[in-house]
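Trainee: Please find the sequence and the predicted model below.
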Amino acid sequence: MKESDLLISHHDGVFSVKVAGRANFEYAVPLRELAKSSNEFRCFRIDLGDCVAMDSTFMGVLSMIGLKSRRCNATVELLNANDTLKKLLRDLGVSKLFTFTEGSDPDAPQWSASDGNVARNDMLTTAETVTEAHQTLVEADSNNAAKFDQVIEFARQDVERLKNREKED
């Protein structure tokens, strides 16, 4: 992931996120951290205009944000998502968590590369993100259980293996 592929900004209860390229598990880690640390927000606006693809981990983290927004009466707007991205979210039964809009983010700052300085995450954090993201996809739509049960189990095993390795070191 290039530093400028994921830009995040926050102002007055509105989070603006810009995604470019292929949104994968690397993109998901900083978004998961943002979702977990953001207790009060009015809106998440995620500009997918330059996003060409999303993996299930990234879509799971988007769903985390979507479910959290419902609990705090906020909205999640996906800006400029192409038909392929919309179909991916619809096929997982999570498109209902989002409002799809076109155009620019009215609250977006002037982006700079420094906005995207997301620290490289360790393997344990990545494995935890993969696990939680896929569990969220199942929580959002139980039909996803059959699709992701093995992924969740393998990711859980990876988390345990990595935790044990940390204990040994």
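Mentor: Arrived safely.

Trainee: now the helices for the protein?
Mentor: Listed in chain order, the helices of the chain (DSSP state H) span 25-37, 56-71, 83-91, 123-140, 145-168.

Trainee: could you measure the residue most central in space within the chain against residue 164, distance?
Mentor: Centre of the chain computed as the mean C-alpha position; nearest residue by C-alpha atoms, centre = their mean is residue 61, 3.2 Å away. Distance from residue 61 to residue 164, counting by C-beta to C-beta, to the nearest Å: 25 Å. C-beta coordinates here come from the backbone N, C-alpha and C atoms, glycine included.

Trainee: picking up where we left off before, would you convert the helices of the chain into JSON lines that also reports mean pLDDT and distance to residue 100?
Mentor: Below are the helices of the chain laid out as JSON lines (pLDDT from 0 to 100; distance: least, C-beta to C-beta, whole Å):
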{"stretch": "helix 25-37", "mean pLDDT": "87", "distance to residue 100": "18"}
{"stretch": "helix 56-71", "mean pLDDT": "94", "distance to residue 100": "12"}
{"stretch": "helix 83-91", "mean pLDDT": "97", "distance to residue 100": "6"}
{"stretch": "helix 123-140", "mean pLDDT": "94", "distance to residue 100": "16"}
{"stretch": "helix 145-168", "mean pLDDT": "92", "distance to residue 100": "23"}
